[in-house]
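Visitor: Generate coordinates for the sequence data below:
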Amino acid sequence: MPLSKVLIVGAGPSGLLLTLLLAKAGINVELIEQTDALDTNPRASHYAEPSNYEFDRAGVLDDIRAEGFFPDGVSWRKLDEKKTRLVKLSNPTPEDGKIDSTFERYRMVCLPLHRLGKILEDAVSKQPTATIRYEYKVVDLGQDDQKAWVKVETPEGEKTLEADYIVGCDGANSKVRRTLFGDNVYPGHTWDEQIVATNMYYDFSPYDYDDSQFFVHPEHWHMVAKIQSDGLYRVTYGEIGGLTREQLLERQPAKYAAFLPGNPTPDKYKIVNFSPYRVHQRCVDNMRVGRFLLAADAAHLCNPFGGMGLTGGIADIGSLYDSLVGMHTGQADESILDKYDEVRRKIWHDIINPVSSNNMRRLIDLDADTAVEDDPFLQLLKRMETDKQLQLEMSKGMMALRHDMTQYFDKKR
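Guide: Residues are numbered from 1 along each chain as shown. From the prediction side, this is the model:
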């Protein structure tokens, strides 16, 4: 039986993408967001192959590629005077001669997340079966065997919205998740360290920096990545836990002076965004509760080093889209939503959590002087510096975060 309506909570990239995909499949979909506009805080900006595959299915990849740029790769470095490069993983390019046309289309592209959000929002606005409603705050929810509903506070007063299924894409502090499981139930752990993400302009041209680099250091571990072709950089650095935003702001100039090349004073750079946050490794025990579904940060979290969080969340959306469309077209029954829950949690536990945890620990715990000798991953990257085919295979390996849910469709149907 075709779905009459899907309601999505949260207008971040995952919610917008799922809205767009479902609407293009002819499903009535309503997206609600508690704020009055898209979020512009510093967040993810690099989109790997699994994400670009889903953006292509949604018809927005060409716009993303046109607005963004293709980074040259990522390196790991020492925080010495020369910022010595330990190893560099170059992104495969058509010039390498070993990249096929399909992979070329999906290769990594960089664009700040708020600009991606605008592309998705504009595309959703053109879909006749999709609606976005801002300033709709979920305060309660419920379900029976026929439908699910949320009570929302709106500028026009409290309303109740109903749908066949409701998807929580409302982020780490998800109201949907907290109402389903309780405010303090989100299995996993929180890192003792916290992170400060900044978007900033600084002239890196006198220095031998790549488009992206990680620095191994017990105190000043950090990442510097170019995120716009106009010279906007993302600088994300570690801080000790327990500090207030005001304390972190006070410490910021000294942190920049300690680890940025040239030891700049505040008059030498311009900070556009400053966003401190705690870092978590968490995953719910169920991504499906009856007619409620969870995806992306509402369902699982990881630290940002390596882009596993955003990529895993977008891969969730691809799997959930296939599942809901399969139900809508009669090729699958609702048990496919249990399979979605099973598959996506397994990918988090088997791939996303261990890989992302190792990425962060590598920056903090390794001795930069012996990092390559001590760390098998960096040894692998060292081999890749001269083996283009190995580079390509590793990049393609990111597609393991995807999962084709159509294999569970009833072929007889």
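Visitor: The longest helix seen in the chain: how far from the chain's middle?
Guide: Scanning the chain for the longest helix, with DSSP state H as the assignment, gives helix 308-328. Mean-position distance between helix 308-328 and its chain equals 13 Å (C-alpha atoms, centre = their mean, to the nearest Å).
Visitor: That helix - contacts with which helices or strands?
Guide: Secondary-structure packing of helix 308-328 (3 or more C-beta pairs under 8 Å, 6 or more residues apart in numbering; DSSP states H and E): helix 13-24, strand 46-47, helix 49-57, strand 300-301, helix 335-347, helix 353-365. For the C-beta atoms, the positions are set from N, CA and C on the backbone; glycine is no exception.
Visitor: Parallel or antiparallel, list what pairs with the fourth one.
Guide: Based on DSSP bridges, the pairing partners of strand 300-301 within the sheet are strand 270-283 (antiparallel).
Visitor: Let's see the partner strand as CSV, backbone CA atoms only.
Guide: Coordinates of each C-alpha in strand 270-283 appear next as CSV, following Å, rounded to 0.1, in the frame of the first residue of the first chain:
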residue,chain,number,x,y,z
LYS,A,270,39.9,36.8,10.6
ILE,A,271,37.6,34.3,12.5
VAL,A,272,34.2,33.9,10.8
ASN,A,273,32.8,31.2,13.1
PHE,A,274,33.8,29.9,16.5
SER,A,275,32.0,26.7,17.7
PRO,A,276,33.2,24.6,20.7
TYR,A,277,31.6,21.3,21.4
ARG,A,278,31.9,18.1,23.3
VAL,A,279,32.9,14.9,21.3
HIS,A,280,30.9,11.7,21.6
GLN,A,281,31.0,8.1,20.3
ARG,A,282,27.4,6.9,20.7
CYS,A,283,24.8,4.8,18.9
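Visitor: how far off helix 335-347 does it point, in degrees?
Guide: For strand 270-283 against helix 335-347, the angle by axes from the mean of the first three to the mean of the last three C-alpha atoms, to 10 degrees is 110 degrees.
Visitor: Do I have it right that Gly231 meets Asn199?
Guide: No: in this structure Gly231 lies outside contact range of Asn199 using C-beta atoms under 8 Å: 11.2 Å.
Visitor: Nearest approach to Gln247 belongs to which of the helices and strands packed on helix 308-328?
Guide: Closest to Gln247 of those is helix 353-365 (C-beta to C-beta; 20.5 Å).
Visitor: Tell me the gap between that closest one and the middle of its chain.
Guide: Offset of helix 353-365 from its chain centre (C-alpha atoms, centre = their mean): 17 Å.
Visitor: And stretch 46-66, by the same measure?
Guide: Centre to centre, stretch against its chain (C-alpha atoms, centre = their mean), the figure for stretch 46-66 is 13 Å.
Visitor: can you pull the buried residues of that stretch?
Guide: Of all the residues in stretch 46-66, those buried under the rule 16 or more other C-beta atoms under 10 Å are 46-58, 60-61, 63-65.
Visitor: average model confidence for it?
Guide: Mean pLDDT, computed over stretch 46-66, is 96.
Visitor: what does stretch 204-219 give?
Guide: Confidence over stretch 204-219 (mean pLDDT, whole number) is 96.
Visitor: how far does that stretch stretch from start to finish?
Guide: End-to-end span of stretch 204-219 (C-alpha to C-alpha, to the nearest Å): 22 Å.
Visitor: about what we covered before: what residues of the longest helix of the chain count as buried?
Guide: Neighbour-count burial for helix 308-328 flags 308-328 (criterion: 16+ other C-beta under 10 Å).
Visitor: go on, stretch 177-197?
Guide: Neighbour counts over stretch 177-197 (16+ other C-beta under 10 Å) mark Arg177, Arg178, Thr179, Leu180, Phe181, Tyr186, Trp191, Glu193, Gln194, Ile195, Val196, Ala197 as buried.
Visitor: for stretch 261-274, same thing?
Guide: For stretch 261-274, by 16+ other C-beta under 10 Å, it's Pro261, Tyr269, Ile271, Asn273, Phe274.
Visitor: Enumerate every residue touching the fourth one.
Guide: Residues near Asn273 by C-beta atoms under 8 Å, 6 or more residues apart in numbering: Thr40, Asn41, Pro42, Ala197, Thr198, Asn199.
Visitor: okay, the residues you listed in TSV with distance to Lys126, pLDDT and secondary structure next?
Guide: Output for the contacts of Asn273, formatted as TSV (distance: C-beta to C-beta, whole Å; pLDDT from 0 to 100; DSSP: H, G, I helix; E, B strand; the rest coil):
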residue	distance to Lys126	pLDDT	secondary structure
Thr40	23	72	coil
Asn41	26	70	coil
Pro42	28	61	coil
Ala197	32	94	strand
Thr198	34	95	strand
Asn199	29	93	strand
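Visitor: Good, we can wrap up now.
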